[in-house]
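Enquirer: Structure for the following, please:
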Amino acid sequence: MVIGVARDLTGAAIAFNNRTSYLMLFEWYYPDNIKTLGKALKIWAHDPDVTTPILKCNNYVIIRAFYIICIIRYDRAVTE
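Expert: Now for the predicted structure:
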């Protein structure tokens, strides 16, 4: 189940391509739900079938948040 949740969250993060929808996902995910996946990492730290999707999910959500929040805002400020 944890693997499916991590993969679903990654898919949702990929699908949300505008700032408003992505921020709704990010506000739901961080900080409460990221802790839940962190606990799953502690429990199944030895199992790469569980850790890999969770780490990919965290990586994608955080990097995408940086891109959507910071880079797009900077690009708009430069072009105006």
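Enquirer: Scan the chain for its longest helix.
Expert: Ranked by residue count and defined by DSSP state H, the top helix of the chain is helix 48-66.
Enquirer: List the buried residues for that one?
Expert: By neighbour count, with 16 or more other Cβ atoms under 10 Å as the criterion, the buried positions of helix 48-66 are 50, 51, 53, 54, 57, 58, 60, 61, 64, 65. All C-beta atoms are positioned from the backbone trio N, CA, C, and that covers glycine.
Enquirer: What ranges does this structure have for its helices?
Expert: Listed in chain order, the helices of the chain (DSSP H) span residues 2-15, 19-28, 34-43, 48-66, 72-79.
Enquirer: Kindly reformat these as TSV containing mean pLDDT.
Expert: TSV is the format used below for those (pLDDT from 0 to 100):
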stretch	mean pLDDT
helix 2-15	92
helix 19-28	86
helix 34-43	93
helix 48-66	91
helix 72-79	60
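Enquirer: ok now do residue 69, which residues does it touch?
Expert: Residues in contact with residue 69 (Cβ atoms under 8 Å, 6 or more residues apart in numbering) are 19, 23.
Enquirer: scratch that, residue 2
Expert: The neighbours of residue 2, taking Cβ under 8 Å, 6+ apart as the test, are 37, 40, 44, 50, 53, 54.
Enquirer: Same question for residue 16.
Expert: For residue 16, the contacting residues are 22, 24, 25, by Cβ under 8 Å, 6+ apart.
Enquirer: Closest to the centroid, which residue in the chain?
Expert: The C-alpha lying nearest the average C-alpha coordinate of the chain belongs to residue 61 (Cα atoms, centre = their mean; 2.0 Å).
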